[in-house]
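# Build me a model:
(2 chains)
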Amino acid sequence: MLEQELKSIWKSSADADKIKFDLSRLMIDLKHKMDGLNKGIQNRDKREIAASIFGMLLFGYMATQIPFPITKAACIMTIGWFGYVIYRLRNAQKHKVTEDLSLSFKEQLVNQKKYMTHQGQLLDSVLYWYVLPPFILNVVFIMGLGDAAAYDWTPRFENILPETMNDKLRMLGFIALFNGFVVWLNKRAVKKQIKPAIQEIERVQLQLENA
Amino acid sequence: MTESFENILEDNKDKIYRICRIYAVDPIEPQDLFQEVVFQVWKSYAGFEGKSSTSTWVYKIALNVCMRSKMKLDKKNDKTEQLGSIHIMADYHGHNEVQEEKYQALRTCINLLNESDQSLVIMLLEELPYKEMAQVTGLTENHVAVKMKRIRKVLFECISPKLS
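This is a model prediction of the structure:
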């Protein structure tokens, strides 16, 4: 009796609001929204790929100009690193997993936890796969710089490149600080966003499993 | 897949909206959630193979979208693009104050339940059989039945004094 009354109250709740569709426009709107979301992701990837190409050109140019063999080698390896970044981005686009919201709620939670855990691992290990490799190349590049006069070379970017050991260490210190900041930002995202989200998923999973 | 997207939408719009009204938590409005569910139904439509009934499929999407929003797991940009072709207007002529009070009492009691129990209560009120509830949640029918026994008790204890 009470259950029937509750069902009746529930069913009549939508009567308070009238929902109307302009069906001819709805398809256009939906497609527009989809395109907008896709464009946002594509633009972000394009920006990152463009930045990597710019880096490749810059280090390619320096490799042709700089006479010091170690720094030259660092330039070439840095170009390789940028190439790897582009490959990773393009690969991520190809293997992008689209979420399936028509799965059951339980499966959806499992998938979201898997996705969040993967994101967390990626951000947590940013030091090893994103920060350290280019930093090592930066160290090789800077430490490889020698005496321009000995090579009879007049650099066009004289004021940018450090000459003395103190200058080199200072520049590496700045780069290390910046990289440290990047690692901290990522670790913070794991702590403030990813871990609470995983805990939230686990909490609801437990609710679902309990009788 | 014989049913057109438009028909699915027309047949299920009220139930989608009822679910959205329960899960919308400030600053998210039921309209925002409703639009997001419509968008996700449209996105999934091409992949719908008819393994479950259309209504089960719609419930799965609606509940997943709403729960994701409540658990704050959705991407922020998902709801920035508004669908101007969907109009939701308060129907003051059909407005019944007594009925609205009863609804608010029911809503209060539903909100006292945890998220997982809320989704089962919603399906109970939508008159879904246990078999469909099991498909939507991913639990076994027996598990749903055990849970429903407890949830009914909690819900009835909460709502009875409010309705009398």
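# what does stretch A:94-112 contact?
For stretch A:94-112, contacts defined as CB atoms under 8 Å, 6 or more residues apart in numbering or on different chains pick out A:115, A:201, A:204-205, A:208, B:40, B:44, B:47-48, B:57, B:60-61, B:63-65, B:67-68, B:73, B:116, B:119, B:135-139. C-beta: built from backbone N, CA, C; applies to glycine.
# Could you confirm whether stretch B:20-39 reaches chain A?
Yes. In terms of CB under 8 Å from any CB of the partner chain, part of stretch B:20-39 sits within range of chain A, namely B:21, B:34, B:38-39.
# most surrounded residue in those residues?
Across these, neighbour numbers were computed from other CB atoms under 10 Å in any protein chain shown; residue B:38 holds the maximum, 27 neighbours.
# Let me see the contact set for it.
Listed by CB under 8 Å, 6+ apart, the contact set of residue B:38 reads A:26, A:30, B:9, B:16, B:83, B:86.
# change it to 7 Å
With contacts taken as CB atoms under 7 Å, 6 or more residues apart in numbering or on different chains, residue B:38 has the following neighbours: B:9, B:83, B:86.
# can you tell me the helix or strand for it?
For residue B:38, the element it lies in under DSSP states H and E is helix B:30-45.
# same thing with residue B:48?
Secondary structure (DSSP H and E) places residue B:48 outside all helices and strands.
# now the one 10 residues further on
Here residue B:58, judged by DSSP H and E, is contained in helix B:54-70.
# mind listing what the following helix or strand past that helix pairs with, with the direction of each?
Once the chain leaves helix B:54-70, the next helix or strand it forms, by DSSP H and E, is strand B:86-90. Taking DSSP bridges as the criterion, strand B:86-90 pairs within the sheet with strand A:17-21 (antiparallel).
# Need the contact partners of the strand it pairs with.
Residues contacting strand A:17-21 (CB under 7 Å, 6+ apart): B:9, B:13, B:17, B:85-91.
# List only buried entries from the residues you listed.
Neighbour counting with 16 or more other CB atoms under 10 Å in any protein chain shown marks B:9, B:13, B:17, B:85-86, B:88 as buried within those.
# how close does the residue nearest the centre of chain A sit to chain B?
Relative to the mean C-alpha position of chain A, the nearest C-alpha, by CA atoms, centre = their mean, is the one of residue A:123, at 8.3 Å. Here the distance between residue A:123 and chain B works out to 16 Å (CB to the nearest CB, to the nearest Å).
# So for stretch A:28-46, what gets flagged as buried?
By neighbour count, and taking 16+ other CB under 10 Å as the criterion, the buried residues in stretch A:28-46 are A:29-30, A:33, A:37.
# likewise stretch A:140-159?
By neighbour count, and taking 16+ other CB under 10 Å as the criterion, the buried residues in stretch A:140-159 are A:140-146, A:148, A:155.
# Touching that stretch from outside, list them.
Judged by CB under 7 Å, 6+ apart, the contacts made with stretch A:140-159 from elsewhere in the structure are A:65, A:67-68, A:70-71, A:74-75, A:78, A:161-162, A:168, A:171-172.
# Quote the end-to-end distance of it.
Between the opening and closing residues of stretch A:140-159 we find a distance of 19 Å, counting by CA to CA, to the nearest Å.
# Give me the average confidence score over that stretch.
Stretch A:140-159 comes out with an average pLDDT of 83.
# show me where pLDDT drops low in chain B?
Under the criterion pLDDT under 70, the flagged ranges of chain B are B:1-2, B:74-81, B:90-95.
# In space, not sequence, find me the middle residue of it.
For chain B, the residue sitting closest to the mean C-alpha position, by CA atoms, centre = their mean, is residue B:19 at 2.4 Å.
# and that one, what is it in contact with?
Each residue near residue B:19 by CB under 7 Å, 6+ apart is listed here: B:62-63, B:66, B:122.
# again, only using 10 Å
Contacts for residue B:19 (CB atoms under 10 Å, 6 or more residues apart in numbering or on different chains) come out as A:14, B:12, B:30, B:33-34, B:37, B:58-59, B:62-63, B:65-67, B:118-119, B:122-123, B:125-126.
# swap in residue B:134?
Contacts of residue B:134 were listed using CB under 10 Å, 6+ apart, and they are A:104, A:106, B:56, B:123, B:128, B:140-145.
# Apply 6 Å and report the result again.
With contacts taken as CB atoms under 6 Å, 6 or more residues apart in numbering or on different chains, residue B:134 has the following neighbours: B:141, B:144.
# where does it land in three-state SS?
The three-state label for residue B:134, taken from DSSP: H, G, I helix; E, B strand; the rest coil, comes out as helix.
# and the closest residue to residue B:59 other than its chain neighbours, how many residues sit next to it?
Closest residue in space to residue B:59, ignoring its immediate chain neighbours: residue B:136 at 5.0 Å, by CB to CB, 6 or more residues apart in numbering or on different chains. By the criterion of other CB under 10 Å, residue B:136 has 27 neighbours.
# re the thing from before, just the buried members of the contacts of stretch A:94-112?
Neighbour counting over the contacts of stretch A:94-112 (16+ other CB under 10 Å) leaves A:201, A:204-205, A:208, B:40, B:44, B:48, B:57, B:60-61, B:63-65, B:67-68, B:73, B:116, B:119, B:135-139 as the buried ones.
# May I see the domains of chain B written out as residue ranges?
B:1-89, B:96-164 (automatic domain parsing).
# With chain A instead?
With automatic domain parsing serving as the domain definition, the record reports that chain A contains domains spanning A:29-96, A:99-211.
# right, and the helix or strand after the host helix or strand of residue A:38?
When elements are defined using DSSP H and E, residue A:38 is found to belong to helix A:23-65. Later in the chain than helix A:23-65, the nearest helix or strand by DSSP H and E is helix A:69-94.
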